[in-house]
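1. mind folding the following:
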Amino acid sequence: VQLVESGGGSVQAGGSLRLSCASSGSIYGTLCMGWFRHAPGKEREGVAVIDSDGTTNYADSVKGPFTISKDNAKNTLYLQMNSLKSEDTAMYYCAANGLGLRYIRSFGWWGQGTQVTVS
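-> Next up, the predicted model:
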């Protein structure tokens with residue numbers, strides 16, 4: 001399975017972006033899928049995940065402004081990011097087939113990342 005992210009870019013604080021992650025294979029029934037981010041000088045962290053049954057979980061720092069969703073028919077994962085802050089600046093990665101938000105190493109499939117810069 002290949003995951004390809006898109007939708008990153010530069011935005012002013014308070015703005016919005018929508019990230020997409022297209023899968024080359026079916027995501028129906030896949031274990032947890034999610035978004036992770038890696039900022040310079042920081043460890044990679046979980047942002048949001050969604051289980052096969054649609055249950056979602058978010059990092060405390062993004063609860064409210066960020067929404068994760070998926071479209072099984074299109075094999076695509078999304079992350080709607082509103083009210084962006086400078087601290088949201090990072091490389092954002094899509095990942096699949098994992099156990100949950102805190103179990104980053106459990107995710108077996110990763111995209112190449114898309115840069116989000118908030119100024």
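
2. looking at this, residue 61 is in a helix?
-> Yes - counting by DSSP: H, G, I helix; E, B strand; the rest coil, residue 61 is part of a helix.

3. against residue 94, how distant is the residue nearest the centre of the chain?
-> By C-alpha atoms, centre = their mean, the chain has its centre lying nearest to residue 35, at 2.1 Å. Shown here: residue 35 relative to residue 94, a distance of 6 Å by C-beta to C-beta, to the nearest Å. For every residue, glycine as well, the C-beta is placed using N, CA and C.

4. can you pull the residues that touch both of these two?
-> A shared contact of residue 35 and residue 94, defined by C-beta atoms under 8 Å, 6 or more residues apart in numbering, is any residue touching both; here these are 19, 21, 77.

5. buried sites along the longest strand that the chain contains?
-> Among the elements of the chain assigned as strand by DSSP state E, the one spanning the most residues is strand 90-98. Residues of strand 90-98 classed as buried: 90-96, 98 (neighbour count, 16 or more other C-beta atoms under 10 Å).

6. closest one of those residues to residue 50?
-> Distances from the buried residues of strand 90-98 to residue 50 were compared by C-beta to C-beta; the smallest belongs to residue 96, at 10.1 Å.

7. that closest one contacts residue 29, doesn't it?
-> No - applying C-beta atoms under 8 Å, one finds residue 96 not in contact with residue 29, separated by 11.3 Å.

8. shared neighbours of those two, which are they?
-> In the contact map built from C-beta under 8 Å, 6+ apart, no residue is linked to both residue 96 and residue 29.

9. tell me the bridge partners for residue 93.
-> For residue 93, the beta-bridge partners under DSSP bridges are residue 36.

10. with the one 5 residues further on instead?
-> Beta-bridge partners recorded for residue 98 (DSSP bridges): residue 32.

11. residue contacts, it?
-> Shown here is residue 98, whose contacts under the criterion C-beta under 8 Å, 6+ apart are 31-34, 49, 104, 106-108.
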